[in-house]
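Student: give me a model of this one.
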Amino acid sequence: MTSIEVQNSPSRRWTILAHAGTNQRRLVQVVGDEGGKVRTPRVLIEFCTGCRWGLRAGWMSQELFVTFGDQLGEVATAPSEVGGTFNVWLNGDLLHNRTETGRFPELKEIKQKIRDKLDPERDLGHSDVNSP
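Tutor: Coordinates of the predicted model:
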């Protein structure tokens, strides 16, 4: 396992654990977060500002609040200085990486992954129905 520290602004540093030989990564610590205590469960949507994906990140965060309400302690959006980034994390676990998959995550897919980790018995209604 390799530890990587990434700093995307003077006040934000992320420690990422990467498993050698795989594409598995885990965000394990936020250092220098001036906003106070981080509430969990925490969803972090990291996006490329140069690509103008902030609105997509904001829309996704709103939809997650509508679906999960107070089951989520925090949904955060964070700009990335790495071009093409659109990552979705839950409590430090990487749920989706646009760079690796070559596509944006479907909202339904993210909702299912969050549900599977937080409350596997929860019915997501139309988000549980598989598309043909």
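Student: please count neighbours and contacts with C-alpha atoms only from this point.
Tutor: OK.
Student: now stretch 60-72: mean pLDDT?
Tutor: Across stretch 60-72, the average pLDDT comes to 93.
Student: go through that stretch and flag the buried ones.
Tutor: Across stretch 60-72, burial judged by 16 or more other CA atoms under 10 Å covers 60-61, 64, 72.
Student: how about those in TSV, adding distance to Gln112?
Tutor: As requested, the buried residues of stretch 60-72 are exported to TSV (distance: CA to CA, whole Å):
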residue	distance to Gln112
Met60	13
Ser61	14
Leu64	11
Leu72	14
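Student: return the member of those residues nearest to Gly84.
Tutor: Met60 (17.0 Å; CA to CA).
Student: quick check: closest non-adjacent residue to the closest one.
Tutor: Residue nearest to Met60 in three dimensions, not counting chain neighbours: Leu107, with 6.9 Å by CA to CA, 6 or more residues apart in numbering.
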